[in-house]
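Enquirer: What follows is a predicted structure for the sequence shown.
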Amino acid sequence: MKWETVIGLETHAQLSTRSKIFSGAATAYGAAPNVQACAVDIALPGVLPVLNREVVTKAIRLGLAVGARINPRSIFARKNYFYPDLPKGYQISQYEIPIVEGGSLTVLVDGQEKTVRLTRAHLEEDAGKSLHEDYHGATGIDLNRAGTPLLEIVTEPDMRSAAEAVAYARALHALVRWIDICDGNMQEGSFRCDANVSVRPAGSDKLGTRTEIKNLNSFRFLERAIEFEVRRQIEVIEDGGTIVQETRLYDSDRDETRTMRTKEDAHDYRYFPDPDLLPLAITPAWVDEVRAGLPELPQAKCARFIAEYGLTAYDAAVLTGSREMAAYFEQAARGAEAQTAKLCANWIAGNLSARLNESNLEIEASKIGPEMLRGLIDRVVDGTISGKIAKDVFDAMWGGEARGRNAAETIIAARGWKQISDSGEIEKIVDQVLAANPQQVADYRSGKEKAFNSLVGQAMKATKGKANPQQVNEILKRKLGG
Amino acid sequence: MLNSTLASLSRELAAKKLSSVEASEYYINRINRLSNKYNCFITLNEELSLAQARAADQLRAAGRAQPLTGVPIAQKDIFCTKGWLTTCGSKILSNFVSPYDAHVVERLNAAGAVNLGKTNMDEFAMGSSNETSYYGPVKNPWDVSTVPGGSSGGSAAAVAARLVPAATGTDTGGSIRQPAALTGISGLKPTYGVVSRYGMIAFASSLDQAGPMARTAEDLALMLNAMAGFDERDSTSLRRDPEDYGRDLARPIAGLRVGLPKEFFADGVSPDVAKALDEAIAQYKKLGCEMVEVALPNMALSVPVYYVLAPAEASSNLARFDGARYGYRAKEYADLLDMYKRTRAEGFGAEVKRRILIGTYVLSHGYYDAYYIRAQKLRRLIAQDFAAAFEKCDIIMGPTTPTTAFKLGEKAADPVQMYLSDIYTIAVNLAGLPGMSIPCGFDGKGLPVGLQIIGDYFREAQMLNVAHQYQLATDWHERMPSGILSEG
C-alpha cells in the first residue's frame, strides 16, 4: 500500500526580551543557577504576575508577518500540574483565545512553493530546569529559565514529508530572526519544535492517529525523527497493529523515537482564566504602530529582488534567507545591471557563504564587505580579470592583503594579475603552444575535439591563467582551422 | 488610652502629649496580658515593634510625621511582612519568614504605623469562625465560648479587646465584615482593585480584597487612606487618583436614598438581629434618610456560586505550597510524588483540603462547563442585580450576618451551615463592590449585631460618611466587652 504522511508542527520560539514575561528578572542565557529568578519566578507566597508589554509587541510582529489575525482580546489561562521546575504549580499560557490566529507561511520545497497554514500562536511562560547530574541522588532546580517568554506557533496538519516540515521550520526560523523576535539559537533552546506525525493510505481524507514527538532542537533531528516515526508507524500498521496516541521522545544517539507518555496518563490540566491577569486588550492603534516598525518581509523582498535585479527565484530565495544577507546583497548590488547583480548573487551564495561557514562567521562580520566584493565583481565584468583569477583575488582580500572599495584593484596590480587581452601577445603564446604540442594538433585535426581543450589549457597555463580565455579560444580556432 | 481611637491617638501624638513608644508599650503590655486569653496573635515581636515606634518618634521630632505616624496597629498574618513569620494560619507556612513586604505593609510602614504583631486567622482565610487556624481558634472577647468570626478573626478580636486600635484584614466572602459584626467593631472591604493584592497571600484572587478593621468609621478612613493606591505589581490594581476617604465624614445625610433588599430581610435573619436592624433603620430615618425597597433576586445563588469559584481559584493558588522551595516539608518521603502528597497532607488542614478538592473537581475536564462557566455567568447576574438596585438608591443596607456570634465548635462539623453564615456578605465580593459592617446593637445575650452598608463602586467615602453620621448619633461602637479589663 502507498502511504501518505501528515505532519503538523508546534514551535516554541523564545521571545528575545530583556526581562521575563511576567516579572522583571533578566532572561540572559547561561547565568549561575537561580541568580535570575526573582520572587515572582520562584512563586513566593503573595506575588503576582505583570505582563511584559514588549512580549506582546513581539507576538504582534509575528502575527503581522504571517498575515494572521491579531485578537483584540486574548486570555491568559492557568495550566495546572505539579512539577518541581514549575514553581507556581501552574503554567500561565493562552488557551481558549490566543493572541494570534490564522496566517500562513509559504516555503520552497524542491523548487515548488508550498503553503503551510498556521492555526494560532499563543504566549506562555517557560518552566525552569531540573538538573539531574552533579547532585548525588538528588535533583537540582534552576529557575533562571522559569518565566522566560515563549511564543508557541502551531500549524495545521499541512505538511506531507519530513522535507516539507524542515523547509517550514527553516522558513519560520529565518522569519522570527528576520523580524527580530527570537534569536533562533537552537542549541540554547530558543527555538524548538514538536512534530505531530501520522500516516494514512494515499488518497484517504481521514487523518490517522497521530503521535507527538517532543523537543526537537535541530533541523536534522526534526527530519530524522519524522522519518523514523513515519517508518515505525507504517510498520506497525502493516503488521496489523494500531497506532497509539502518545507523546514520544527522539533519541538522537540511537536515531529512534520512544514512548514518553500515552494519552491514558495525560494530565487533566484544569485550565481556567488566570484571575491575576486581565484579558489582554490590543487596540488597532497598537497593531498599526507595530506594523509601521516592521522591516520589509522576506517574501516581499524576494519578489522585489526578482523584479529589480533580475534574479532567479532560487537566488532571490537564498539571498532573503536572512535579513543580514539580504542587506549585504543590496549593498553589493546597488545600482547594478542584471549581469553584475547575478554575479553578486552567485558570489554571496557561493564563495562568500562557504568562507563564512568555514570561519564560523556571520555575514555582518565578513572580512570582505559588500562594497569590497562589488569592487571585485566589477573587475570581472569589465574584463580586467577572469572569473578564475577573481577567486585568487577573493582569497587575497579575505587574507587581508588590501581593504576597502578598491581592494581588488590594489591586489590585481600588486600581484600582476591583470588579464592579458592584447591579442598580439596571446597570438604569440598560442603559436608557442602549437609548436610545442604537435601531437595534440594532429589529434585535433584528425577529429579529436578533446585535444582542443588540452591546447586551451596549455595556453592558459603559460599565462598563469591571465589570458582572456575567450580570446584564447578564438585565436586557437582560427589558427587550427587555417 | 484603653478606649482611644486611632484618630484620638493620632491627635495626642501630634500634640506630643504621647510618644509612639509610650503608646506602643501600653498596647504591648495589654497584648502580653490578654493575647493568650483570646489567641488573637500568631506572632509578636516586641523588638521589631518598638524599633518602629522609636523610628516614628524620630520622624515626628524631625517634623516629618503623617496622620498614622507612631500609631500602633496589627497586621493580619496573610500579609507578607519582611523579617516576620508569615504563616497565613497554616502549618505549611509555619517556618516562612517573608523576605519582602506586601504592598499594604509597605504603605502602612511608609505612613509610620507601628506593627505590633501578626494576627491569627482561618487557615488561608478559609473559614468563618477562625477555627480552621493551625494556631488554634480565636475567642470572641464578648464571650470567650463563642467565635469571633473569620477569617480575620484575630484582627477583629484584637481591636474589640482594645489590644490595638486598628488592624488590617482581608475579605474574600465576608472575612472583614462578618468578624467585625460578631465582635462589635467596624470593618470595610473596599471596591475590588482599590487595595493592591501584592504580597497578600492569595485565597481566591478575583474576590480577595484587603481592608481596614477599627472601631470607628473615622479610623477606617485613616487606615484606608494609607492602604489604598495603585500598585503596578498587581495587574488588577486600579489606576485612580489618590483620594481622602475621610473627606465627606461630616456631610449631612438627609435625603439619602437607602435601599433595603427584601432578600436581606427574609426568614433567615434571627429575631435579635432583625430587631437591632430595625432600630438602625429607624435611626437613619431620623437622620433624614429615605428608605427604598430594592431586590437582589439572584442573591440566594451567591453562596453556591462562591463555593464553586473561590475553591477553583484556591485549588490553583495553593499549588505552590509543595514543600520544594519554602515552608513545611514532610520529614520522610519515598520520592517526589510522595513528598508532595505527604507535605500537603500534613501541611494543610481539613477545610483547606476540602476546598482544594472542590476546586479541583469543578475545574476538571467534563465538569468545568457545568460548574465553573455557569458560576461565572451567575456571578455576572448577581452583579447586574446590584447595578439595577443602585438605579433606585444611593446605598444599600442590611444585616452583615444572619445571627450573632455562635459557639465555638457549633458549626465546625457542618461546613454548609458554616458557609451560610456568609450569606449576606458573599454577593458583594462576587460583584466587586465595597461593603462594610458597623456595630448597631446587641442580642439578648449581649453579643454584638452588625449593620452592613454596601456602596456602589468607589463609593467608600460616601459609605464612611453614612457610617460616621450614625456613629455620631449612637454609641454602639464605644461599648466594650467587660472581660477585656481582666486577665481571667
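Expert: Ah, there it is.
Enquirer: Now do the contacts for the residue in the stretch 351-488 of chain B positioned nearest to chain A.
Expert: Nearest to chain A in the stretch 351-488 of chain B, going by C-beta to the nearest C-beta, is residue B:363, at a distance of 3.8 Å. From N, CA and C alone the C-beta is placed, and that goes for glycine too. Going by C-beta atoms under 8 Å, 6 or more residues apart in numbering or on different chains, residue B:363 touches A:80, A:270, A:271, A:272, B:312, B:315, B:316, B:372.
Enquirer: Helix, strand or coil: sort out residue A:146 for me.
Expert: Here residue A:146 is recorded as coil under DSSP: H, G, I helix; E, B strand; the rest coil.
Enquirer: So for residue B:128, what's the pLDDT?
Expert: For residue B:128, the pLDDT comes out at 96.
Enquirer: Quick check, it in contact with residue B:419.
Expert: Yes - under the criterion of C-beta atoms under 8 Å, residue B:128 makes contact with residue B:419 at 7.4 Å.
Enquirer: Settle it for me: which of these two has more neighbours?
Expert: residue B:128 (30 against 18; other C-beta atoms under 10 Å in any protein chain shown).
Enquirer: Point me to the helix or strand that includes residue A:78.
Expert: strand A:76-80 (DSSP states H and E).
Enquirer: For that strand, the averaged confidence score.
Expert: 98.
Enquirer: With stretch B:217-224 instead?
Expert: 98.
Enquirer: Contacts made by that stretch with the rest, please.
Expert: With C-beta under 8 Å, 6+ apart as the criterion, stretch B:217-224 contacts B:5-7, B:10, B:67-68, B:73, B:165-166, B:168, B:186-188, B:190, B:195, B:211-214, B:244-246, B:249, B:436, B:438, B:460-461, B:464-465, B:467-468, B:471.
Enquirer: at 7 Å instead, please
Expert: Residues outside stretch B:217-224 that contact it (C-beta atoms under 7 Å, 6 or more residues apart in numbering or on different chains) are B:5-7, B:10, B:67-68, B:165-166, B:186, B:188, B:190, B:212, B:214, B:245-246, B:249, B:438, B:460, B:464, B:467-468, B:471.
Enquirer: Quote the end-to-end distance of stretch B:235-255.
Expert: 38 Å (C-alpha to C-alpha, to the nearest Å).
Enquirer: So for that stretch, what gets flagged as buried?
Expert: Under the neighbour-count criterion of 16 or more other C-beta atoms under 10 Å in any protein chain shown, stretch B:235-255 has B:235, B:236, B:237, B:238, B:245, B:246, B:248, B:249, B:253 buried.
Enquirer: near chain A, from those?
Expert: Applying C-beta under 7 Å from any C-beta of the partner chain to the buried residues of stretch B:235-255, one finds that B:235, B:236 fall near chain A.
Enquirer: and the helix or strand just after the strand holding residue A:78, what other elements does it pack with?
Expert: Per DSSP H and E, the first helix or strand lying C-terminal to strand A:76-80 is strand A:90-94. With contacts taken as 3 or more C-beta pairs under 7 Å, 6 or more residues apart in numbering or on different chains; DSSP states H and E, strand A:90-94 sits against strand A:76-80, strand A:112-125.
Enquirer: can you give me the angle the longest one makes with strand A:76-80?
Expert: Direction vectors for strand A:112-125 and strand A:76-80, defined by axes from the mean of the first three to the mean of the last three C-alpha atoms, to 10 degrees, enclose an angle of 80 degrees.
Enquirer: Not counting its own residues, what contacts strand A:112-125?
Expert: Contacts of strand A:112-125 (C-beta under 7 Å, 6+ apart): A:21-22, A:55, A:59, A:62-63, A:66, A:68, A:91-94, A:98-107, A:147-156, A:158-159, A:164, A:167-168.
Enquirer: again, 6 Å this time
Expert: The contact list for strand A:112-125 (C-beta atoms under 6 Å, 6 or more residues apart in numbering or on different chains) reads A:21, A:59, A:62, A:66, A:92-94, A:98-101, A:103-107, A:147, A:150-156, A:158, A:164, A:168.
Enquirer: Need the nearest residue in space to the residue in the stretch 51-200 of chain A that chain B sits nearest to, chain neighbours excluded.
Expert: Using C-beta to the nearest C-beta, the closest approach of the stretch 51-200 of chain A to chain B is made by residue A:89 at 2.4 Å. Leaving aside its sequence neighbours, residue A:89 sits nearest to residue B:319 (C-beta to C-beta, 6 or more residues apart in numbering or on different chains; 2.4 Å).
Enquirer: How about residue B:248?
Expert: Using C-beta to C-beta, 6+ apart, the closest residue to residue B:248 is residue B:465 (4.1 Å).
Enquirer: Mind listing what's buried along the host helix or strand of the one you found?
Expert: Secondary structure assigned from DSSP H and E places residue B:465 in helix B:460-473. Going by neighbour count (16+ other C-beta under 10 Å), the buried part of helix B:460-473 is B:460, B:461, B:462, B:463, B:464, B:465, B:466, B:467, B:468, B:469, B:470, B:471.
Enquirer: mind checking how far the fifth one is from residue B:155?
Expert: So that's residue B:464. For residue B:464, the distance to residue B:155 (C-beta to C-beta, to the nearest Å) stands at 18 Å.
Enquirer: again with the last one
Expert: Using C-beta to C-beta, one gets 20 Å for the distance from residue B:471 to residue B:155.
Enquirer: Quick check: residue B:93 touching residue B:327?
Expert: Yes - Residue B:93 is in contact with residue B:327 according to C-beta atoms under 6 Å; the separation is 5.0 Å.
Enquirer: Touching both of those two, which residues are there?
Expert: In contact with both residue B:93 and residue B:327: no residue, using C-beta under 6 Å, 6+ apart.
Enquirer: which of the two has more neighbours?
Expert: Shown here are residue B:93 and residue B:327; by other C-beta under 10 Å, residue B:93 has more neighbours (24 against 21).
Enquirer: that's a helix at residue A:180, yeah?
Expert: No - assessed with three-state DSSP, residue A:180 is coil; it does not lie in a helix.
Enquirer: Contact partners for residue B:393?
Expert: B:257, B:259, B:292, B:294.
Enquirer: Distance check, it against residue B:293.
Expert: Taking C-beta to C-beta, one finds residue B:393 at 9 Å from residue B:293.
Enquirer: Out of the helices and strands packed on strand A:90-94, which one sits most buried?
Expert: strand A:76-80 (a mean of 23; mean count of other C-beta atoms under 10 Å in any protein chain shown).
Enquirer: Name every strand pairing with that strand and say which way it goes.
Expert: strand A:90-94 (antiparallel), strand A:272-273 (antiparallel) (DSSP bridges).
Enquirer: Follow the chain on from the last one and name the next helix or strand.
Expert: The C-terminal neighbour of strand A:272-273 among helices and strands, as given by DSSP H and E, is strand A:280-281.
Enquirer: contacting residues around the residue of the stretch 301-450 of chain A found nearest chain B?
Expert: Using C-beta to the nearest C-beta, the single residue of the stretch 301-450 of chain A nearest to chain B is residue A:323, 34.5 Å away. Listed by C-beta under 6 Å, 6+ apart, the contact set of residue A:323 reads residue A:178.
Enquirer: Strands of the stretch 201-350 of chain A, start to end?
Expert: A:211-216, A:246-251, A:256-262, A:272-273, A:280-281 (DSSP state E, counting those that start in this stretch).
Enquirer: May I have the residues that are in contact with the spatially most central residue of chain B?
Expert: Nearest residue to the geometric centre of chain B (C-alpha atoms, centre = their mean): residue B:176, 2.2 Å. By C-beta under 6 Å, 6+ apart, residue B:176 lies in contact with B:152, B:169, B:187, B:189, B:211.
Enquirer: what two of the residues you listed are the furthest from one another?
Expert: Spatial extent of those (C-beta to C-beta) is set by the pair B:152 and B:189 at 10.0 Å.
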